[in-house]
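> Provide a 3D model corresponding to the input given below.
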Amino acid sequence: MIWVYGLRKNGAVIVKLPKRFDKMPFPSILQSSIEMNIEKARFNMIEQQIRPWNVLNQEVLDMLIVVKREDYFPAEQKSLAFFDTELPLPDGSKAMTPKLEARILQELVLKKQENVLLIGAGTGYLAALLAYSARHVTVLESSKVLHALATANLQRNHVSNVDVVLADAFSDKNTGSYDAIVIAGGLEQLPEHLQQQLNVGGRLLAFVGQLPALTAKLLTRTSASAVGTQNLFETVVEPAAGAKPVSHFSL
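So this is what the prediction gives:
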């Protein structure tokens, strides 16, 4: 911990520093203190939020240290990036909580040769986490605002194996096959065409149900004609933008 203290003399503040810092420029000391506080906040996020939520895979926990969450939020939200809360996004939606992002990574168990489809860009942070473990990530985002935000954040952080595409993420005209698919938002019903885009051995993670009771489901394609489903946990997430509503009307 760096302590900076001062005495007021003739209306001015005289800053006195411990001897080991007296040769260091004052701005550097402040920057070091800020960095220490950020790393402490990151440590607390992992130890107090994420581990208690049964995220125990050490590779995932290490990834959260390497891929800096605060780098994907504006200056006024950086100090909040480690909180267990859904931070507001510029299009009016909300970002996922850190523990939910970590749980997604743990459940998917991505491999370096795998290709991933992410529906919903957010700030680009979840895409960056997925890209750290996979060969390539394709992101489909229907909001122009979030498309621009995620693209800028990923470019600034030199993440080169992600493509953010402005598109109707739930159109059945989308093509491609993937080893993993993540839908970063709540759905009433999972579209069949997304399941068809899974390679054999591929996994699809989605949040399905009616708010507020959403169930995180992990679907695994076991053969060309069979898909297994596992219910993981219940949670609350933002509705997926662009998802087609399910009609509840019947005669």
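> what about the strands in this structure?
5-9, 12-16, 115-119, 136-141, 162-166, 178-187, 198-210, 213-223, 226-235 (DSSP state E).
> so which of those strands comes closest to residue 92?
Closest to residue 92 of these is strand 178-187 (CB to CB; 13.3 Å). Backbone N, C-alpha and C define where each C-beta goes, glycine included.
> count of neighbours near the closest residue to residue 38 other than its chain neighbours?
The spatial neighbour of residue 38 that comes closest, neighbours along the chain excluded (CB to CB, 6 or more residues apart in numbering), is residue 70 at 6.5 Å. By the measure other CB atoms under 10 Å, the count of residues near residue 70 is 17.
> quick one: contacts for residue 209?
Contacts for residue 209 (CB atoms under 8 Å, 6 or more residues apart in numbering) come out as 186, 188, 215.
> hang on, the earlier thing: turn the strands of the chain into a markdown table, including mean pLDDT.
Below are these laid out as a markdown table (pLDDT from 0 to 100):
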| stretch | mean pLDDT |
| --- | --- |
| strand 5-9 | 40 |
| strand 12-16 | 44 |
| strand 115-119 | 98 |
| strand 136-141 | 98 |
| strand 162-166 | 98 |
| strand 178-187 | 97 |
| strand 198-210 | 97 |
| strand 213-223 | 96 |
| strand 226-235 | 97 |
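> turn those strands into a markdown table, including distance to residue 76.
A markdown table is the format used below for the strands of the chain (distance: least, CB to CB, whole Å):
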| stretch | distance to residue 76 |
| --- | --- |
| strand 5-9 | 27 |
| strand 12-16 | 27 |
| strand 115-119 | 26 |
| strand 136-141 | 23 |
| strand 162-166 | 23 |
| strand 178-187 | 23 |
| strand 198-210 | 28 |
| strand 213-223 | 29 |
| strand 226-235 | 27 |
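> surely the residue nearest to residue 38 meets residue 76?
No: assessed by CB atoms under 8 Å, residue 70 is found out of contact with residue 76, at 11.6 Å.
> about what we covered before: can you flag the buried ones in the contacts of residue 209?
Among those, those classed as buried by 16 or more other CB atoms under 10 Å are 186, 188.
> which among the contacts of residue 209 gets closest to residue 231?
residue 215 (5.3 Å).
> residue 165: neighbour count?
Close neighbours of residue 165, defined as other CB under 10 Å, add up to 14.
> number of residues surrounding the nearest residue to it once chain neighbours are set aside?
Once flanking residues are discounted, residue 165 sits nearest to residue 140: 5.5 Å by CB to CB, 6+ apart. Number of residues near residue 140 (other CB under 10 Å) recorded here: 23.
> same question, the one 4 residues further on
Residue 144 has 10 neighbouring residues, counting by other CB under 10 Å.
> report the contact partners of it.
By CB under 8 Å, 6+ apart, the contact set of residue 144 is residue 166.
> quick one: the helices in this structure, in order.
Shown for the chain, the helices assigned by DSSP state H span residues 26-44, 58-66, 98-108, 125-133, 144-156, 192-196.
> in TSV, list those along with distance to residue 225 and mean pLDDT.
Formatted as TSV, the helices of the chain follow (distance: least, CB to CB, whole Å; pLDDT from 0 to 100):
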stretch	distance to residue 225	mean pLDDT
helix 26-44	44	71
helix 58-66	32	97
helix 98-108	23	98
helix 125-133	27	99
helix 144-156	35	98
helix 192-196	11	93
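> got a markdown table for those helices, with distance to residue 210 too?
Converted to a markdown table, those look like this (distance: least, CB to CB, whole Å):
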| stretch | distance to residue 210 |
| --- | --- |
| helix 26-44 | 34 |
| helix 58-66 | 29 |
| helix 98-108 | 19 |
| helix 125-133 | 24 |
| helix 144-156 | 24 |
| helix 192-196 | 19 |
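> could you measure the nearest residue to residue 78 once chain neighbours are set aside against residue 81, distance?
Excluding the flanking residues, the one nearest residue 78 by CB to CB, 6+ apart is residue 70, at 4.4 Å. Look at residue 70 and residue 81: by CB to CB, to the nearest Å, they are 4 Å apart.
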